[in-house]
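*Asks:* quick one, fold the following:
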Amino acid sequence: MERKYYIAGFLFGLLGIVIGAFGTHGLKPVLSPDSFISLEIGIKYQIYHSLLLLILGLTITTGQKFSKGIFYLLVIGIVLFSGSIYLLATNALTSFDFKVIALATPLGGSLLIIAWAWLLVHFIKLKKK
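*Replies:* I've put the predicted structure just below:
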């Protein structure tokens, strides 16, 4: 059991619910339909990955070499992917042009993909033992 996975999973889940509620009740009237859809995508991916962190908290044991790597890939991936989507979706509401961080979205998505692939390989190897 990995405590840091639980903390991160619950924190990202809580933030996902808060951002979702704020987005629906506070931002939906002022965002374009496309921006609101983007915001929802960021929220969905954040929630999905918070659930993955909670599941991993049950399955990954302390001391596994890849545990730290997977944790950081997921946390940084969530922050970059969902965080950049939140900023880009609300870009029209601020005077700062968040389009300069647009590359954070595919970078964060790539980190999430790498984490999933690494987990797949790890669990395939576990089955062979």
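*Asks:* alpha carbons only for contacts and neighbour counts from here, please
*Replies:* Will do.
*Asks:* next up, the contacts around Asn91.
*Replies:* Counting by Cα atoms under 8 Å, 6 or more residues apart in numbering, Asn91 makes contact with Asp97, Phe98, Lys99.
*Asks:* hmm, try it at 10 Å
*Replies:* Leu31, Ser35, Ile85, Asp97, Phe98, Lys99 (Cα atoms under 10 Å, 6 or more residues apart in numbering).
*Asks:* what's the answer for Ala115, then?
*Replies:* Contacts here follow Cα under 10 Å, 6+ apart; on that basis Ala115 touches Gly69, Ile70, Phe71, Tyr72, Leu73, Leu74, Gly77, Gly109, Val121.
*Asks:* filter those down to the buried ones and express that as a ChimeraX selection.
*Replies:* Remark: buried members of the contacts of Ala115, expressed as a ChimeraX selection using 16 or more other Cα atoms under 10 Å:
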select :70,71,73,74,77,109
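*Asks:* give me the element the residue nearest the centre of the chain is part of.
*Replies:* The chain has Ile78 as the residue nearest its centroid, 2.5 Å off, counting by Cα atoms, centre = their mean. Secondary-structure assignment from DSSP states H and E places Ile78 in helix 67-89.
*Asks:* now for that helix, which elements pack on it?
*Replies:* Identification of packing neighbours for helix 67-89 by 3 or more Cα pairs under 10 Å, 6 or more residues apart in numbering; DSSP states H and E yields helix 3-22, helix 33-59, helix 104-128.
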